[in-house]
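**Student:** Sequence below, structure please.
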Amino acid sequence: MQLQISNEYDKLEAVLVHRPGQEIERLTHENMSQFLFEDVPYLRRMVEEHDAFVGKMREQNIDVVYLENYLLDLVRDDKTRRLIIEQVCQAAMVPAIVDDLASLKHWNENELVEILFAGVTATEFANATGQRLSRGDEGRFLLPPVPNAYFSRDPAVVVGEAAISSKMHYRERVRESLLTRAVLEHHDAFKGHTIAYGGTDEPTEDRPFTVEGGDVIILSKESVLIGASERTRSETIELIAAKCFQDSNIRRVYEIPIPTERAFMHLDTVFTVIDRGMVLTYAPVMHDIRYIHRYEPTEGPNGAGAKRVTEDRAFLTVLKDEFGCDVTVVETAGGQEQFASREQRTDGTNALAVAPKTVMTYERNERTITALEDHGVTCINVGDSELVRGLGGPRCMTMPLRRATT
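**Tutor:** Residues are numbered from 1 along each chain as shown. Next up is the predicted model:
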């Protein structure tokens with residue numbers, strides 16, 4: 001699998017996804033807030049919608065691969081399986097169950113992969129292993145589920161020919177990053193590629209800093225936008241810039257501050273790129289962007305670093321200079337104030353460009369679709385009654401691995 005992402009709009013050739021599974025069935029109205037959901041999806045319909053979404057990508061000749069299939073390959077190897085289980089259990093603070101999970105005495109390989117996403121309750125663990133339960137433990141999760149895993153954009157992102165392995169903001173999502181990183185580091189499909197930030201051999205000072213893939217938007221071979229958001233820290237952006245300067249052709253990283261609110265959790269919930277010189281924005285946020293910083297390469301005693309510069313250009317001017325052309329701005333819901341907020345909350349701005357001026361978007365965002373089509377954009381509409389309940393759109397549900405180079 002050749003990794004190559006130099007922008008957000010060239011023909012998408014390969015993408016990683018996760019099909020929603022039993023982890024969704026773990027959600028209840030009592031725990032959904034803990035797991036960052038605002039409603040409980042209906043799994044069967046959700047899977048139907050996700051399968052249709054994948055089908056439409058494949059109709060565009062996109063190679064769609066599943067994270068869970070790569071993990072199944074990895075857990076067939078004894079050493080790699082144990083390594084993954086140790087990392088997962090350490091993150092969940094349940095080291096005592098490593099041997100039982102890694103041994104395959106109680107679950108087969110397919111069941112183990114399901115557990116990596118759906119978790120395991122104390123009762124399920126006791127029934128499988130015969131180990132006695134403490135009173136009151138019956139219903140609790142030993143290993144919690146990761147129901148956000150179908151948002152495969154956040155755990156990792158490809159920049160050029162390297163990858164960034166995310167450090168997730170919420171504990172409930174950390175395992176998603178661990179599982180994706182395991183595939184990038186150990187699966188034969190990704191041999192020879194570099195993890196520029198977040199690999200297991202990273203120095204300890206990188207550990208506290210959070211970044212999620214939805215905040216990373218690639219403008220060109222030389223420039224990247226990273227949102228300083230609810231989930232990505234400014235300090236992390238500086239570290240990532242330095243790593244990208246070392247491991248890729250990137251020469252400019254822009255820190256774009258957005259409100260640190262759940263409604264605008266990532267940069268790509270308020271801003272996406274449709275084509276060279278064409279962007280889709282949620283105007284109430286993006287018209288008010290201030291205090292942009294730019295990182296540039298600098299040489300230091302330990303090699304390439306990142307110099308932080310206060311950007312004196314307006315955001316639209318930065319885009320114009322980086323694209324090398326005038327910029328067309330399409331606003332969510334066509335700028336209709338009455339509907340823009342509603343369609344932003346249902347991921348109208350979170351469009352996935354699968355080719356220049358060709359995007360996938362949720363069908364419910366009718367006014368945004370109309371605005372895009374009025375600007376000559378082809379919209380491939382995705383059914384969304386259940387997928388939308390996790391607050392993420394087509395871009396959130398995909399980790400692009402390769403785009404055609406122009």
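**Student:** What is the neighbour count of R44?
**Tutor:** Residues lying near R44 (other CB atoms under 10 Å) number 10. From N, CA and C alone the C-beta is placed, and that goes for glycine too.
**Student:** tell me the contacts of it?
**Tutor:** Residues near R44 by CB atoms under 8 Å, 6 or more residues apart in numbering: none.
**Student:** And it, how far from H50?
**Tutor:** Distance, R44 to H50, by CB to CB, to the nearest Å: 11 Å.
**Student:** same thing with A241?
**Tutor:** Noted for A241: a distance of 34 Å to H50, by CB to CB.
**Student:** So those two - more neighbours on which side?
**Tutor:** Comparing A241 with H50 by other CB under 10 Å, the one with more neighbours is A241, at 29 against 20.
**Student:** ok, now which ones touch the more buried one?
**Tutor:** Contacts of A241 by CB under 8 Å, 6+ apart are I250, V253, Y295, A306.
**Student:** And those, which of them are buried?
**Tutor:** Buried residues within those, counting neighbours by 16 or more other CB atoms under 10 Å: I250, V253, Y295, A306.
**Student:** bridging residues for the third one?
**Tutor:** What it means is Y295. Taking DSSP bridges, one finds V253, R308 as the beta-bridge partners of Y295.
**Student:** That one: what's it in contact with?
**Tutor:** For Y295, the contact set (CB under 8 Å, 6+ apart) comprises I237, E238, A241, A242, R252, V253, Y254, E255, A306, K307, R308, V309.
**Student:** and what of the second one?
**Tutor:** Taking CB under 8 Å, 6+ apart as the definition of contact, the neighbours of V253 are S223, V224, L225, I226, I237, I240, A241, C244, R294, Y295, A306.
**Student:** what's the distance between it and E311?
**Tutor:** Distance from V253 to E311, counting by CB to CB: 11 Å.
**Student:** quick one: common contacting residues for these two?
**Tutor:** Counting by CB under 8 Å, 6+ apart, the residues touching both V253 and E311 are R294.
**Student:** returning to that earlier point: so which of the contacts of V253 belong to helices?
**Tutor:** Among the contacts of V253, the members falling in helices (DSSP state H) are I237, I240, A241, C244.
**Student:** By neighbours, which of the residues you listed wins?
**Tutor:** Using other CB under 10 Å as the neighbour test, the ones in helices among the contacts of V253 are led by A241, with 29 neighbours.
**Student:** hmm, back to that, among the contacts of V253, which two are most distant?
**Tutor:** The most widely separated members of those, counting by CB to CB, are L225 and A306 (14.9 Å).
**Student:** Cheers, nothing more for now.
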